[in-house]
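**Student:** Everything below, folded, please.
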Amino acid sequence: MKDEHAQWVQQRETTVWAPHGTASLAATCWLDDTDRAFEGLPGRWRADGSVVRGSGLPGQQMLEPGAEARLGELLLRAEVREDALLLRVFDPSAAGRKGISTIVRAPYEPSGVRTGMYSPTSDHHGIVVLEVDGRAHELEVAREPDGTLFAAFSDSTSGEESYLFRFLRLPTPDASGRVEVDLNRAYLPPCAFSEHYLCVFPSPRNRWSVPVRAGELRVQ
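**Tutor:** Below you'll find the predicted structure:
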């Protein structure tokens with residue numbers, strides 16, 4: 001398990017600190033049908049129907065949602081959120097400008113791996129009951145298309161020893177509802193690395209009053 005955890009940590013490091021990884025998001029530009037300039041982004045940009053259009057560049061740029069383009073060292077990605085087009089700008093130097101370079105983690109603890117019991121509450125949501133700090137706690141989860149589970153949670157360390165909240169992904173429960181909960185794999189949401197992300201906040205049920213000193217804690 002410890003070797004698997006080390007591999008997971010390495011994958012997280014790559015995902016976050018790669019030149020165009022999570023920590024490199026420098027801007028999220030919300031677009032409408034008016035040409036606009038955005039700080040740090042060459043050219044002018046607007047929504048043109050269902051595509052993002054850039055002008056004032058060496059050649060016009062047109063990006064459908066999900067498409068990417070390079071402008072020098074910048075990576076641009078077109079996305080749709082709540083029926084609005086936006087352009088995300090990833091800059092390899094963004095993390096350095098914010099003065100961040102390290103994820104602070106708690107040491108791996110075998111006791112952080114425990115068994116929970118999953119009960120569905122709807123087609124896409126459910127509750128996992130597990131023991132934390134000697135008591136049963138409920139974790140409200142969303143069921144992903146592949147059957148795995150996702151949750152946002154906070155605990156008594158949040159905002160002090162750890163970031164305001166963290167994310168957790170769980171494997172698909174077995175036929176009886178048992179599911180492995182590895183608190184060592186609690187991880188920081190994207191908004192811990194850049195204020196330009198929009199993140200899911202913990203539901204009231206997932207705001208625990210006990211400490212979870214496991215997994216990723218904060219960025220520095």
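
**Student:** so who does the residue lying closest to residue 139 once chain neighbours are set aside touch?
**Tutor:** Among residues not flanking residue 139 along the chain, residue 128 sits closest, at 4.4 Å (CB to CB, 6 or more residues apart in numbering). Where C-beta positions appear, they are placed from N, C-alpha and C, glycine not excepted. Applying CB atoms under 8 Å, 6 or more residues apart in numbering to residue 128 gives the contacts 116-119, 138-139, 141, 149, 151, 170, 179, 181.

**Student:** separation between residue 128 and residue 137?
**Tutor:** 9 Å (CB to CB, to the nearest Å).

**Student:** now do residue 4
**Tutor:** 25 Å.

**Student:** With residue 8 instead?
**Tutor:** 23 Å.

**Student:** Those two: which has the busier surroundings?
**Tutor:** The neighbour comparison of residue 8 against residue 137 (other CB atoms under 10 Å) goes to residue 137, with 19 against 15.

**Student:** so where do the helices sit in the chain?
**Tutor:** 2-17, 94-98 (DSSP state H).

**Student:** Which other helices and strands does the longest one contact?
**Tutor:** Where contact means 3 or more CB pairs under 8 Å, 6 or more residues apart in numbering; DSSP states H and E, helix 2-17 is packed against strand 103-105.

**Student:** Dump the helices of the chain to a markdown table, plus distance to residue 165 and mean pLDDT.
**Tutor:** Converted to a markdown table, the helices of the chain look like this (distance: least, CB to CB, whole Å; pLDDT from 0 to 100):
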| stretch | distance to residue 165 | mean pLDDT |
| --- | --- | --- |
| helix 2-17 | 17 | 96 |
| helix 94-98 | 19 | 97 |
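
**Student:** possible to save those as TSV with distance to residue 219?
**Tutor:** Shown next, in TSV, are the helices of the chain (distance: least, CB to CB, whole Å):
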stretch	distance to residue 219
helix 2-17	9
helix 94-98	9
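
**Student:** Highest average neighbour count across these: which stretch is it?
**Tutor:** Greatest average neighbour count among the helices of the chain goes to helix 94-98 (a mean of 16), per mean count of other CB atoms under 10 Å.

**Student:** Which residues does that one contact?
**Tutor:** With CB under 8 Å, 6+ apart as the test, helix 94-98 has contacts from 17, 23-26, 101, 193-194.

**Student:** quick revisit: and the contacts of residue 128, which is closest to residue 109?
**Tutor:** residue 181 (13.1 Å; CB to CB).

**Student:** wait, that closest one sits on residue 169?
**Tutor:** No: Residue 181 is not in contact with residue 169 according to CB atoms under 8 Å; the separation is 10.2 Å.

**Student:** How is this structure partitioned into domains?
**Tutor:** 20-91, 101-219 (automatic domain parsing).

**Student:** closest one to residue 13 among these?
**Tutor:** Closest approach to residue 13 among those (CB to CB): domain 101-219, 7.4 Å.

**Student:** and that closest one, how far apart are its ends?
**Tutor:** End-to-end distance for domain 101-219, by CA to CA, to the nearest Å: 8 Å.

**Student:** what is residue 48 paired to in the beta sheet?
**Tutor:** Applying DSSP bridges to residue 48 yields these beta-bridge partners: residue 51.
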